[in-house]
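Asks: what's the 3D shape of this:
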Amino acid sequence: LKLDELGHDDPTMIRMMEDMTGVNAREISLSDPETMSIYTSPAALGLPDDDPIIGKTGTIGVPEFGTGFTRQMLVDTQPKLFDTLVRLSGFSHGTDVWAGNIHDLIVSGTATVDETIGCRDDIMIYLIGLGMEPSLAFQTMESVRKGKVKKSGKFPGDAEQQMKDLGVPAWWVESARKIAYLFPKAHAVAYVMMASQPEGRLRHRNDGRRHRESPAKDQRDEARQHPDSQRRGPAGYAGGSVRVQPARFPFCAD
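Replies: Below you'll find the model as predicted:
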């Protein structure tokens, strides 16, 4: 059993933005068109396009998509779907996946984002879908994502011949051969979900909804006014500190 207990600032930031805007995190749809538009333009935030500071997207302060590297990736790919963002997360967290590899395939028009390898799961699912025996598809995925194919130049067993027989494009095979490390899709999904929450809050605040309150916010206000009280709101305010409870979010385990 492998447990990834990572320390991230996102949950705390989401709680703080929820306090400021009065918008419940669970009310923000991951497929909301205006929220998705922030990944390609700052217009939904009321900002001009290609501002010298903000740039061509609205993600400058968004987790995972706020660096110059990832913002340029958004400009190059113009994502419109959540699934595309998951692949981009895989590109940015992998090693030898984007630069000198998939970036060149996309900008040259050789392949679209959806046709390329974003996460390790994409390899196995794609090959099984074409008819490759599942165990060999799994071995191929593992060899690529660990960089074994890159080091040796060879795929496990007769996987390369089978890929040719199944009609796998030559560019796809060579792209896989260059990869040193691939990110797991489950992590990429979690990261993009976390990124979409602040995105939605920024948009809602810009829409003038910052003053809408909820019963949960009333409880937190009461906790601030009575710091010595044993009564705690969902955020667990006590003595001015914030204790975030992961079960508060629908995508975290209880």
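Asks: Check which helices and strands the helix or strand hosting L127 sits against.
Replies: According to DSSP states H and E, L127 maps onto helix 120-130. Helices and strands touching helix 120-130, by 3 or more CB pairs under 8 Å, 6 or more residues apart in numbering; DSSP states H and E, are helix 134-145, helix 185-206. Every C-beta, even on glycine, is put in place using the N, C-alpha and C of the backbone.
Asks: Mean neighbour count, the ones you listed: which tops it?
Replies: The highest average neighbour count among the helices and strands packed on helix 120-130, using mean count of other CB atoms under 10 Å, belongs to helix 185-206 at a mean of 21.
Asks: any idea of the mean pLDDT for that one?
Replies: Per-residue pLDDT over helix 185-206 has a mean of 74.
Asks: And for stretch 125-136?
Replies: The average pLDDT for stretch 125-136 rounds to 96.
Asks: what's it in contact with?
Replies: Contact with stretch 125-136 is made by M124, A137, T140, M141, P156, G157, A159, Q162, M163, L166, G167, V168, as judged by CB atoms under 8 Å, 6 or more residues apart in numbering.
Asks: Need those in CSV (columns: distance to S31).
Replies: What follows is those, written out as CSV (distance: CB to CB, whole Å):
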residue, distance to S31
M124, 26
A137, 30
T140, 32
M141, 28
P156, 37
G157, 40
A159, 36
Q162, 36
M163, 33
L166, 32
G167, 32
V168, 30
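Asks: Would you mind checking those residues for buried ones?
Replies: Taking 16 or more other CB atoms under 10 Å as the criterion, what is buried in these is M124, A137, T140, M141, P156, A159, Q162, M163, V168.
Asks: tell me the pLDDT at the last one?
Replies: The predicted local distance difference test score for V168 is 97.
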